[in-house]
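K.L.:
3D model of this:
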Amino acid sequence: MQHEAVDEHAQALFDGIEAAVPGWVERCVERRLLDYRGVADGEVMSTASDAGRRAQAEVAPVLRVLFEADIDAQATTPLSIVRQAVRYPTEVLRSAGVPPVRRDRFAEESFPDDDYDLAPASLADVHPDLRELGLAWGAAKAMAHRRRHGGG
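P.N.:
Presented below is the predicted three-dimensional model:
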């Protein structure tokens with residue numbers, strides 16, 4: 001069992017991310033459609049909605065494993081897990097014939113499969129409410145780590 005505060009914040013962050021992922025996928029698709037076509041047609045947005053649910057179904061169990069792991073065994077972050085879901089809006093946009101966007105060198109090297117520059121820089125890019133939830137979880141985890149391993 002982890003520290004109670006870490007568990008509480010992990011559950012809140014899990015719930016927030018799980019709820020936010022489908023809408024994030026849809027917003028990513030809508031934004032790029034509007035940029036390219038000036039309109040986000042219903043058929044593509046319906047496909048985006050389906051993709052959002054699939055992304056949610058993929059992200060949730062991976063997050064659950066992360067949050068259930070001991071703090072010293074957590075080898076990734078919630079943001080890294082969410083970034084892996086960028087393929088869902090990417091697939092929708094590719095299928096809709098939207099061309100890739102121009103990206104800077106850092107983005108191309110860091111996220112080579114993110115043709116549409118959709119990878120979130122922070123959890124707040126997925127949903128604004130996730131900013132505070134992520135900070136609270138990170139702070140609780142850091143405090144638990146400090147208590148466990150000592151330090152000033």
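K.L.:
neighbouring contacts of stretch 93-110?
P.N.:
29, 32-33, 35-37, 44, 47, 114-117, 119 (Cβ atoms under 8 Å, 6 or more residues apart in numbering). Every residue, glycine included, has its C-beta placed from N, CA and C.
K.L.:
name the element L133 belongs to?
P.N.:
Under the criterion of DSSP states H and E, L133 resides in helix 129-149.
K.L.:
now the contacts of stretch 93-110 in a markdown table, with neighbour count and distance to D15?
P.N.:
Below are the contacts of stretch 93-110 laid out as a markdown table (neighbours: other Cβ atoms under 10 Å; distance: Cβ to Cβ, whole Å):
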| residue | neighbour count | distance to D15 |
| --- | --- | --- |
| V29 | 28 | 24 |
| R32 | 24 | 28 |
| L33 | 20 | 29 |
| D35 | 11 | 31 |
| Y36 | 16 | 34 |
| R37 | 13 | 34 |
| V44 | 20 | 29 |
| T47 | 18 | 26 |
| D114 | 19 | 26 |
| D115 | 18 | 30 |
| Y116 | 22 | 27 |
| D117 | 17 | 28 |
| A119 | 20 | 22 |
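K.L.:
Pick the one among these closest to R54.
P.N.:
T47 (10.5 Å; Cβ to Cβ).
K.L.:
Surely Q56 touches G23?
P.N.:
No: using Cβ atoms under 8 Å, Q56 makes no contact with G23, being 9.6 Å away.
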